[in-house]
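**Q** Provide a 3D model corresponding to the input given below.
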Amino acid sequence: MKLEIKDLHVVIEGKEIVKGVNLTINEGEFHVIMGPNGSGKTTLAKVVMGYPSLKVTKGDILVDGTSIKAMSADKRAKLGLFLQFQNPVEVEGVGFVNFIRAAKESLTGTTTDIKQFMGEIRSYTEKLAITNGIIGRSLNLGFSGGEKKKAEVLQMAVLKPRLAMLDEPDSGLDIDAVKVVATNVQEIARKDKMALLVITHYSRILSYMNPQFVHIMADGRIVADGGHELVMKLEKEGYDSFVNSKK
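**A** Alright, predicted model coming up:
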């Protein structure tokens, strides 16, 4: 999959949040977007996924050369886009495992082999250090912050998207859990040849990952592109050194 974001402008309730972003992610690439609160990172991921409350006023989003601006979120998912939420919603009465199975069957158009499917679920709960008790619970209901993030990574592993966008996968995690999530995300993406976009405030999770491309976002724009040297600069100088920059 090749994702192209071209001169994208996005408005929420009359306020422009994304102000002319250009970004290309090719098949199998690993990108990171960093930036302070309110810089537009989450809005960018949501608009790529097709949130209906977001209005694109200018620019385009293309997958393999075709515009997806008019596509609903479910159709974008079927193209292979996946978004891990910053704050996953709790859904009482919808079983966690049944939700993943239904999503997989919807995406693939095939009936799931239950034995194989449950084996895969249990394998990833073990790798992600998730308690087996999660299997019988409603989707995200009563999950801790860390469990919610790990559960979303498990969904990514099972659904095998072509491009996975992870919105602050490190928030709410303790130090050990950050390492578990980071190493598993990178391993899953590499194994299944996924393109990966990780959105984060902090560099801690990147100490366990090896992104090829790092982008700094401030005030709705990408103000710097580079590699891991940008993370090092950020640790030394903070976001202030980027806020007034112009790409």
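**Q** can you list the weak-confidence ranges in this structure?
**A** 244-247 (pLDDT under 70).
**Q** can you tell me the helix or strand for the spatially most distant residue from the centre of it?
**A** Centroid-distance maximum for the chain: residue 115 at 28.4 Å, with CA atoms, centre = their mean. According to DSSP states H and E, residue 115 maps onto helix 114-127.
**Q** just checking, next helix/strand downstream of that helix?
**A** Next element after helix 114-127 (DSSP H and E): strand 138-139.
**Q** relative to helix 114-127, how tilted is the following helix or strand past that following strand?
**A** Toward the C-terminus, strand 138-139 is succeeded by helix 145-159 as the next helix or strand (DSSP H and E). Interaxial angle, helix 145-159 versus helix 114-127 (axes from the mean of the first three to the mean of the last three CA atoms, to 10 degrees): 140 degrees.
**Q** which SSE is immediately downstream of helix 145-159?
**A** Assigned by DSSP H and E, the successor of helix 145-159 is strand 163-167.
**Q** whichever helix or strand comes after that next one packs against which elements?
**A** Using DSSP H and E, the helix or strand that directly follows strand 163-167 along the chain is helix 175-191. With contacts defined as 3 or more CB pairs under 8 Å, 6 or more residues apart in numbering; DSSP states H and E, the packing partners of helix 175-191 are helix 145-159, strand 163-167, strand 195-200. Every residue, glycine included, has its C-beta placed from N, CA and C.
**Q** what lies in contact with the last one?
**A** Right, strand 195-200. 1, 3, 25-34, 41-42, 45, 162-170, 185-186, 189, 205-206, 209, 211 (CB atoms under 8 Å, 6 or more residues apart in numbering).
**Q** got the buried residues for that strand?
**A** 195-200 (16 or more other CB atoms under 10 Å).
**Q** need the max-distance pair from the residues you listed.
**A** Greatest spatial distance among the buried residues of strand 195-200 (CB to CB): 195 and 200, at 16.8 Å.
**Q** ok, the residue nearest to residue 166 when sequence neighbours are not counted - contacts?
**A** Leaving out its chain neighbours, the residue that sits closest to residue 166 by CB to CB, 6 or more residues apart in numbering is residue 84, at 4.4 Å. Counting by CB under 8 Å, 6+ apart, residue 84 makes contact with 149, 152-153, 155-156, 164-167, 169.
**Q** in CSV: those, plus distance to residue 111 and neighbour count.
**A** Shown next, in CSV, are the contacts of residue 84 (distance: CB to CB, whole Å; neighbours: other CB atoms under 10 Å):
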residue, distance to residue 111, neighbour count
149, 29, 27
152, 24, 22
153, 25, 23
155, 19, 21
156, 22, 25
164, 24, 27
165, 28, 26
166, 29, 26
167, 31, 24
169, 31, 23
